[in-house]
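Q: build the 3D model from these lines:
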Amino acid sequence: MSSPSRYPVPAAIHRIEEEISHSRFITTIARAETVDAAVAFVDQMRREFDDATHNCWAYVVGPPGDTGRVGMSDDGEPHGTAGRPMLAMLLHSGVGDVAAVVTRYYGGTKLGTGGLVRAYSGGVQKALAAMPRGEHVESTTMQITVSYAAVSAMQQIFPAFEVDIVSQTYEADVTYRVRLPGARAAGLRAAVLDATRGQAGITPSSTPGSTPGSS
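A: Numbering: from 1, shown residues only. Down below sits the predicted model:
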């Protein structure tokens, strides 16, 4: 189950193509962690398919279903027949940080309002179903200092909390700089203090980040 700090995202740019009533529809989906990234992706698709009849698009930046940072465009198709159904599909996909562009090369046969809605939403639906997925994880860094006697305990504890060791320094004590999902930080702190009988030095980072994952 996804949460605002951890949710599925596109792992790579993914594309499908289909022909509907002689029109060629090309759907391309990509990860977009910011509005600027979504806009840049749309511009990239426009340049790639600059001879297309339409390049309709939609994006959702943030957790799945979050409407705080969304955008859409019919790009000349009848109002409400492309961008809005594409956005609706993205919002209900369970995927976050996602942008989609559906490129159409008109084939001479009009699809009608309902046909256009089905074509644009259907392209996004098919692309989402087939795309490789990764995971957005809000991460945090911590510095942990323990005695040499506690090293074996840390080796047992860190994997349980999805800890990535960024660096480790061996001096009078052992100091680790680690990165882990922000939601696991409190549990790691408690486990380290318990294992060292409160003797560990733990300094949290003030700057959270985002780490990509895969699934």
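Q: in this structure, which spans are strands?
A: 6-10, 14-20, 23-31, 54-60, 70-73, 98-105, 133-146, 164-170, 174-181, 201-204, 209-214 (DSSP state E).
Q: from residue 165, how far off is the residue lying farthest from the centre of the chain?
A: Residue farthest from the centre of the chain, counting by CA atoms, centre = their mean, is residue 172 at 41.3 Å. As judged by CB to CB, to the nearest Å, residue 172 and residue 165 stand 19 Å apart. Where C-beta positions appear, they are placed from N, C-alpha and C, glycine not excepted.
Q: residue 66 now?
A: Distance from residue 66 to residue 165, by CB to CB: 32 Å.
Q: re earlier: is it possible to get JSON lines of the strands of the chain that adds distance to residue 191, mean pLDDT and mean neighbour count?
A: Output for the strands of the chain, formatted as JSON lines (distance: least, CB to CB, whole Å; pLDDT from 0 to 100; neighbours: other CB atoms under 10 Å):
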{"stretch": "strand 6-10", "distance to residue 191": "20", "mean pLDDT": "93", "mean neighbour count": "21"}
{"stretch": "strand 14-20", "distance to residue 191": "39", "mean pLDDT": "97", "mean neighbour count": "15"}
{"stretch": "strand 23-31", "distance to residue 191": "32", "mean pLDDT": "98", "mean neighbour count": "22"}
{"stretch": "strand 54-60", "distance to residue 191": "36", "mean pLDDT": "98", "mean neighbour count": "26"}
{"stretch": "strand 70-73", "distance to residue 191": "39", "mean pLDDT": "98", "mean neighbour count": "18"}
{"stretch": "strand 98-105", "distance to residue 191": "35", "mean pLDDT": "98", "mean neighbour count": "27"}
{"stretch": "strand 133-146", "distance to residue 191": "11", "mean pLDDT": "91", "mean neighbour count": "20"}
{"stretch": "strand 164-170", "distance to residue 191": "15", "mean pLDDT": "93", "mean neighbour count": "12"}
{"stretch": "strand 174-181", "distance to residue 191": "11", "mean pLDDT": "92", "mean neighbour count": "19"}
{"stretch": "strand 201-204", "distance to residue 191": "11", "mean pLDDT": "90", "mean neighbour count": "14"}
{"stretch": "strand 209-214", "distance to residue 191": "20", "mean pLDDT": "42", "mean neighbour count": "13"}
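Q: can I get these in CSV with distance to residue 116?
A: Putting the strands of the chain into CSV (distance: least, CB to CB, whole Å) gives the following:
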stretch, distance to residue 116
strand 6-10, 24
strand 14-20, 10
strand 23-31, 10
strand 54-60, 9
strand 70-73, 14
strand 98-105, 9
strand 133-146, 28
strand 164-170, 46
strand 174-181, 42
strand 201-204, 51
strand 209-214, 35
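Q: now for these, which one comes closest to residue 118?
A: Nearest of these to residue 118, taken as CB to CB: strand 14-20 at 8.4 Å.
Q: can you give me the angle the closest one makes with strand 133-146?
A: Strand 14-20 and strand 133-146 are oriented at 170 degrees to each other (axes from the mean of the first three to the mean of the last three CA atoms, to 10 degrees).
Q: so in that sheet, which strands flank strand 14-20, and in what orientation?
A: Paired strands of strand 14-20, with direction, are strand 23-31 (antiparallel) (DSSP bridges).
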